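Trainee: Compute the structure for the input listed below.
(one chain, ligands or ions: 1)
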Amino acid sequence: MAVAIRQYEPHDFAALHKLDQACFPPGIAYSKTMLRYFLSQPGAECLVAADGTKIVGFILSEENPPLAHIVTLDVAESYRRHGVGTELLQENESHLAFRGVRTVLLETATSNDAGIAFWERHGYRREAVLKNYYPGRLDALEMRKKLSATPRSTS
Ligand SMILES: CC(C)(COP(=O)(O)OP(=O)(O)OC[C@H]1O[C@@H](n2cnc3c(N)ncnc32)[C@H](O)[C@@H]1OP(=O)(O)O)[C@@H](O)C(=O)NCCC(=O)NCCS
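Mentor: You can find the predicted model right below:
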């Protein structure tokens with residue numbers, strides 16, 4: 001599976017929105033307006049995973065060092081369990097750490113067992129349950145990870 005990670009480009013927007021609609025139930029998936037809003041924030045970073053011209057995953061974060069927030073991480077169903085989510089997250093975390101982020105926060109539905117397993121595998125710890133966080137009275141789990149400082153060159 002030859003998947004390459006690159007920065008988001010504006011022509012990717014429709015594919016990202018479609019993927020997000022496929023990855024999350026109504027109420028949790030982002031509308032076009034919300035997705036555009038997050039992408040346009042000054043501290044936003046969006047990386048996409050592409051198989052040729054096909055977008056098969058993306059991660060979207062917002063940062064205000066030393067804090068960052070992962071807005072979403074989406075991998076197309078047929079590409080899951082092949083390390084695409086891991087590659088996206090590791091690349092994003094290394095950029096965040098380089099820019100001085102030390103704590104990353106995110107929320108995921110308490111019913112999202114796959115998502116929670118993924119985040120825990122990558123060192124995210126359960127921080128709190130946010131009651132009725134999503135529409136439909138769905139609770140969210142807030143998760144947090146500390147990033148290590150990126151070693152700086154002394155030369
Ligand atoms: C969560 C998600 C991003 C994981 O992406 P992925 O590319 O399949 O993840 P990876 O292949 O890198 O998985 C890395 C590890 O995470 C854990 N993991 C991932 N999916 C899992 C699942 N369904 N069940 C249990 N553990 C899982 C495993 O430890 C896995 O390692 P392994 O395959 O060697 O056992 C993907 O399932 C997805 O897009 N889900 C829908 C959207 C979502 O819930 N996003 C996260 C919340 S914002």
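Trainee: Tell me the residue of the protein that sits nearest the ligand?
Mentor: Gly85 (2.6 Å; CB to the nearest ligand atom). Every residue, glycine included, has its C-beta placed from N, CA and C.
Trainee: That residue - how many residues pack around it?
Mentor: 23 (other CB atoms under 10 Å).
Trainee: host element of it?
Mentor: Per DSSP states H and E: Gly85 is located in helix 84-98.
Trainee: The next helix or strand after that helix pairs with which strands, and in what direction?
Mentor: Next along the chain after helix 84-98, taking DSSP H and E as the criterion, comes strand 103-109. Applying DSSP bridges, strand 103-109 is found paired with strand 67-75 (parallel), strand 138-146 (antiparallel).
Trainee: winner for burial among the ones you listed?
Mentor: Each of these was scored by mean neighbour count; the highest is strand 67-75, a mean of 22, by mean count of other CB atoms under 10 Å.
Trainee: Run the chain-centre distance for it.
Mentor: 3 Å (CA atoms, centre = their mean, to the nearest Å).
Trainee: In the chain, where is pLDDT below threshold?
Mentor: 151-155 (pLDDT under 70).
Trainee: follow-up on the earlier one: return the set of buried residues in the helix holding Gly85.
Mentor: Val84, Gly85, Glu87, Leu88, Leu89, Glu91, Asn92, Glu93, His95, Leu96, Ala97 (16 or more other CB atoms under 10 Å).
Trainee: Out of those, which comes closest to Leu130?
Mentor: Nearest to Leu130 out of the buried residues of helix 84-98 is Leu89 (CB to CB; 21.4 Å).
Trainee: wait, doesn't Ala49 sit right on Asp74?
Mentor: No. Look at Ala49 against Asp74 with CB atoms under 8 Å: they stay out of range, at 9.5 Å.
Trainee: got any residues that touch both of the two?
Mentor: Gly57, Phe58 (CB atoms under 8 Å, 6 or more residues apart in numbering).
Trainee: need the strands for this protein, in chain order.
Mentor: Using DSSP state E, the strands of the chain run over 4-7, 44-51, 54-64, 67-75, 103-109, 125-134, 138-146.
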